[in-house]
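following is a predicted model, sequence given first.
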Protein chains: 2
Amino acid sequence: MITIKDVARAAGVSVSTVSHVLSGRRPISEPTRLRVLEAIERLGYRPNRLAQGLVSKSSRSLGLLVPDLANPFFGSMAEAMEIAAHDRGYSVILCNTNLDSRREADYLSMLLSRQVDGLLYFPGTRVPNRALLEAVAAGVPVVVVDERIDNLPGVFVDNFDGGRQLGRLLAQLGHRSLLFIGGPEGLPTVTDRLNGLRAGLAEGGGAPANLLLRFGEYRASHGYETIHICAREGVFAAVGEERPTAVVAANDMIALGALRALRELQLQVPRDCSLTGFDGVEFTAMITPSLTTVQQPSTRVATAAVELLLQRIEAGENHRDRAGQQQPHDDQAEVAPVIPHVVLPVTLVVRESVAPPPPQR
Amino acid sequence: MITIKDVARAAGVSVSTVSHVLSGRRPISEPTRLRVLEAIERLGYRPNRLAQGLVSKSSRSLGLLVPDLANPFFGSMAEAMEIAAHDRGYSVILCNTNLDSRREADYLSMLLSRQVDGLLYFPGTRVPNRALLEAVAAGVPVVVVDERIDNLPGVFVDNFDGGRQLGRLLAQLGHRSLLFIGGPEGLPTVTDRLNGLRAGLAEGGGAPANLLLRFGEYRASHGYETIHICAREGVFAAVGEERPTAVVAANDMIALGALRALRELQLQVPRDCSLTGFDGVEFTAMITPSLTTVQQPSTRVATAAVELLLQRIEAGENHRDRAGQQQPHDDQAEVAPVIPHVVLPVTLVVRESVAPPPPQR
DNA sequence: TATCGAAATCAAAACGTTTTGATTACCAGG
DNA sequence: CCTGGTAATCAAAACGTTTTGATTTCGATA
């Protein structure tokens, strides 16, 4: 391996001179500079970031904790975040939590060992993980993505509004009886979307709607099985107000599975039953029938999350400089630290999968 | 930050003793060991992997270069690889090449700076990137995934066989005129699948088939646009032998786009036109009609790739130990280094999207 | 009781950087 | 001709580990 020492020797200067050429922190005479640059080029020198990190106390890397990369929603989010981070000179360490909080704890410990400068965290599992809170307490900047967690900074979309737009649409079409297939019960995204849905239904239609609730994982299989289970329970055999005329899935994957199951039950979407998703991943435009869904600006969410995280990281670095001065205690500025929550707007995308309910039999 | 020095002080021993307790490389008396362990626990000590990497000359991390995480095929591959790597104690640095070879070069240089122990590389773009070959030349172990590159170790599936199975199936159903919508022209996966398709068609049917070829990106939009372009060119208006009765897409995303476009043209799949994909990602089972495709054992591919890479990394480490001894030159063992290519089998999954061709008008 | 070896521990060097106080060389001003 | 200041460079310390040769302690053997 070619080190800075080799370059220094080749250029006939000291190690610190080479470093200064590279960083530009001290003036270097032009001839020396050129000699050093030439040596670097000739030897193919590449600074060792481990060593740099050791002295600078920053690895210039971020930990990305994501529950399920096979889900294209997380895939495109991860992609956009990595790109944003790379643009700002940071690398991303990928961690697949798979909804397992033991794994999460494991990864967190590893990431701290690796001196990551910050964490991009997709919950996916219920509420804040213990290990995550410890990391936060230890002073590692964290930005929570996609979910809202009250006392942690986060970037997410207006899930309530998305739900509300869906509710209004369905109510206006005349739907009075719906099946809501949620993700994990209690997750903010799920709850917000559901509450929004309720609000939208109330706004859009006269009579209060009949709303059947199911919860489970954010996966196609959950949508698929839920429909079949409901069918076995006679939900779709009911008549009148009881029978759901629309299925609202808490995300696109669930909707995809539900669509399949509905078809297996000989229920045509949207003729016999409307269907909606949430997230607006690419395939929703491609399937048949194309899916009515709420589109997230995923790239904007991703870049906003990275921006917010880097902002906090840089703020933290300044803060750390002052850390030595034993409590400045500026009485004036004794404000509670404000936890930023960036909320981005969503867009309702109306496609083939919704229609007025079938005439009552 | 708590360092090993703090632990040593707290336990009343030297730094090296703490290190030995942690690594177990030298015997430590039981009472001392316990005292050290207790101090570690009490202080919440966490070894700094940057420092460890600096002395051990290994970061215990792998670079993962992937073209497009929004594609669920790459998403699940990336997920499986990261998990396999994590299980073996390695972290994964995520790099989104986006089919851009300048980006690739950029990432490669960053990864080398970060002292990654090896690279997991999905080409996606044409043939070996210059920067990649330099990295290989510099001695970084690389495993190419998904594509076959002749003189680099790789893990991929039997694309030819997959194509052949599709060809046989379609020929046996009676298809004589097909449209093949490929990925990037010249990519081994594309070529192998196409050649297999030809072989399968020859085996399965009597008369030689009419085969129309199109190439482009591995994306839904490419499938979608190709169908529409073909339609404008009158391809689907033709009669008799000319008109394709089946569309063979080089992967599932292309098939998804093609399906959409066919439907927009009022061509029903499979009644008017059969359709097949390749890869076997989850959604192929869920869409309507469900897609006939060739299933890759993605998890096996992913873990095999990680295994192979780690194997090479460890071999390289042994090799490096001997590197000092100026050319052992053991005449006996003067064999050309064998480039391993792990080829895994695929499975044809026949679903609703294929049927015999419609009766000729 | 002197000697040896093994077990346990320590001290110091090394890994590749950045940072910073010290040194040198040079030139302008008095 | 001395003084002072500045520009350019160097040397050494520091970052947090691991590794290894040296030292100490101790019990067993001669």
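It's in. Please read these numbers as outputs of a predicted model, since none were measured by experiment. Numbers count the residues shown, from 1 in each chain, chains lettered A, B, ... in the order given.

quick one: low-confidence parts of the stretch 51-200 of chain A?
Low-confidence segments of the stretch 51-200 of chain A, defined by pLDDT under 70: A:127.

chain B contacts on that one?
A:51, A:53-54, A:57, A:59, A:61, A:64, A:68-72, A:74-76, A:78-79, A:82-83, A:86, A:91-96, A:98, A:107, A:109-110, A:112-115 (CB under 8 Å from any CB of the partner chain). Where C-beta positions appear, they are placed from N, C-alpha and C, glycine not excepted.

buried only: go through the residues you listed for me.
A:51, A:53-54, A:59, A:61, A:64, A:68-72, A:74-76, A:78-79, A:82-83, A:86, A:91-96, A:107, A:110, A:112, A:114-115 (16 or more other CB atoms under 10 Å in any protein chain shown).

filter those residues by proximity to DNA strand D?
A:Ala51, A:Leu54 (CB under 7 Å from any atom of the strand).

which of the buried ones among the residues of the stretch 51-200 of chain A next to chain B fall within helices?
A:51, A:53-54, A:72, A:74-76, A:78-79, A:82-83, A:86, A:107, A:110, A:112 (DSSP state H).

show me which of the residues you listed is closest to A:Ala131.
A:Tyr107 (8.5 Å; CB to CB).

contacts only, for the closest residue to that closest one other than its chain neighbours.
Nearest residue to A:Tyr107 in three dimensions, chain neighbours excluded: A:Cys95, at 4.1 Å (CB to CB, 6 or more residues apart in numbering or on different chains). With contact set as CB atoms under 8 Å, 6 or more residues apart in numbering or on different chains, A:Cys95 has these partners: A:Gly63, A:Leu64, A:Leu65, A:Val66, A:Tyr107, A:Met110, A:Leu111, B:Glu82, B:His86.

now the strands: where do they sit in the stretch 201-350 of chain A?
Along the stretch 201-350 of chain A, the stretches classed as strands by DSSP state E, counting those that start in this stretch are A:210-214, A:246-249, A:274-276, A:293-295, A:341-344, A:347-349.

contact partners of the first one?
Here strand A:210-214 makes contact (CB under 8 Å, 6+ apart) with A:176-182, A:194, A:197-198, A:201, A:226, A:230, A:235, A:241-242, A:244.

number of residues surrounding the closest residue to A:His228 other than its chain neighbours?
In space, and not counting its chain neighbours, A:His228 is closest to A:Ala261: 5.2 Å by CB to CB, 6+ apart. With neighbours defined by other CB atoms under 10 Å in any protein chain shown, the count for A:Ala261 comes to 21.

contacting residues around A:Ala261?
Contacts of A:Ala261 by CB under 8 Å, 6+ apart are A:Gly223, A:Tyr224, A:Glu225, A:Thr226, A:Ile227, A:His228, A:Ala231.

gap between it and DNA strand D?
53 Å (CB to the nearest atom of the strand, to the nearest Å).

can you check A:Val116 too?
Distance of A:Val116 to DNA strand D, given as CB to the nearest atom of the strand: 15 Å.

and if you look at A:Ala258?
Where DNA strand D is concerned, A:Ala258 sits at a distance of 50 Å (CB to the nearest atom of the strand).

the closest residue to that residue other than its chain neighbours: how many residues sit nearby?
Closest residue in space to A:Ala258, ignoring its immediate chain neighbours: A:Gly223 at 3.8 Å, by CB to CB, 6+ apart. Using other CB under 10 Å, the number of residues around A:Gly223 comes to 32.

now do A:Arg102
10.

ok, A:Val248 next?
A count of nearby residues for A:Val248, using other CB under 10 Å, gives 29.

same check on A:Ala131?
Neighbour tally, A:Ala131, other CB under 10 Å: 17.

contact partners for it?
A:Ala131 is in contact with A:Ser101, A:Glu104, A:Ala105, A:Leu108, A:Ser109, counting by CB under 8 Å, 6+ apart.

mind listing what A:Pro274 touches?
I think there's a mix-up here, since residue A:274 is Ser and not Pro. Residues near A:Ser274 by CB under 8 Å, 6+ apart: A:Leu170, A:Leu173, A:His175, A:Thr245, A:Ala246, A:Val247, A:Thr292, A:Ser353, A:Val354, A:Ala355, A:Pro357.

bridging residues for it?
Going by DSSP bridges, A:Ser274 is paired in beta bridges with A:Ala246.

do you know the pLDDT at it?
Per-residue confidence for A:Ser274 comes out at a pLDDT of 97.

what's the answer for the one 5 residues further on, then?
In this prediction, A:Asp279 carries a pLDDT score of 97.

bridging residues for it?
Taking DSSP bridges as the rule, A:Asp279 bridges to A:Gln295.

let me know whether it touches A:Leu291 as I believe.
No: counting by CB atoms under 8 Å, A:Asp279 stays clear of A:Leu291, with 10.1 Å between them.

which neighbours do these two have in common?
Common neighbours of A:Asp279 and A:Leu291 (CB under 8 Å, 6+ apart) are A:Asp252.

around A:Leu179, how many other residues sit close by?
With other CB under 10 Å as criterion, A:Leu179 counts 24.

give me the phi and psi for A:Gly154.
phi -150, psi 160 (degrees, to the nearest 10).

dig out what it forms beta bridges with.
For A:Gly154, the beta-bridge partners are A:Val144, A:His341 (DSSP bridges).

how about the contacts made by it?
By CB under 8 Å, 6+ apart, the neighbours of A:Gly154 are A:Val143, A:Val144, A:Val145, A:Glu147, A:Arg148, A:Pro340, A:His341, A:Val342.

and those, which two are the farthest apart?
A:Glu147 and A:Pro340, at 14.9 Å, using CB to CB across the contacts of A:Gly154.

more neighbours, those two?
For A:Glu147 and A:Pro340, the more surrounded residue by other CB under 10 Å is A:Glu147, and the numbers stand at 23 against 13.

chain neighbours aside, what residue packs nearest to that one?
A:Pro123 is the one closest to A:Glu147 (CB to CB, 6+ apart), at 4.4 Å.

state the number of residues packed around the one you found.
If we define neighbours as other CB under 10 Å, then A:Pro123 has 26 of them.

hmm, A:Asp146 and it touching each other?
Yes: A:Pro123 is in contact with A:Asp146 according to CB under 8 Å; the separation is 7.3 Å.

tell me the most packed of the contacts of A:Ala261, by neighbour count.
Going by other CB under 10 Å, A:Gly223 tops the contacts of A:Ala261 with 32 neighbours.

contact partners for the closest residue to A:Ala51 other than its chain neighbours?
Leaving aside its chain neighbours, A:Ala51 sits nearest to B:Leu54 (5.6 Å; criterion: CB to CB, 6+ apart). Contact analysis of B:Leu54 by CB under 8 Å, 6+ apart lists A:Asn48, A:Leu50, A:Ala51, A:Leu54.

A:Leu22 too?
Contacts of A:Leu22 by CB under 8 Å, 6+ apart are A:Pro47.

helix or strand right after the helix or strand where it lies?
Using DSSP states H and E, A:Leu22 maps to helix A:15-23. With elements assigned by DSSP H and E, the helix or strand that comes after helix A:15-23 is helix A:30-43.

buried stuff in that next one?
Neighbour-count burial for helix A:30-43, counted by 16+ other CB under 10 Å, picks out A:Thr32, A:Arg33, A:Arg35, A:Val36, A:Ala39, A:Ile40.
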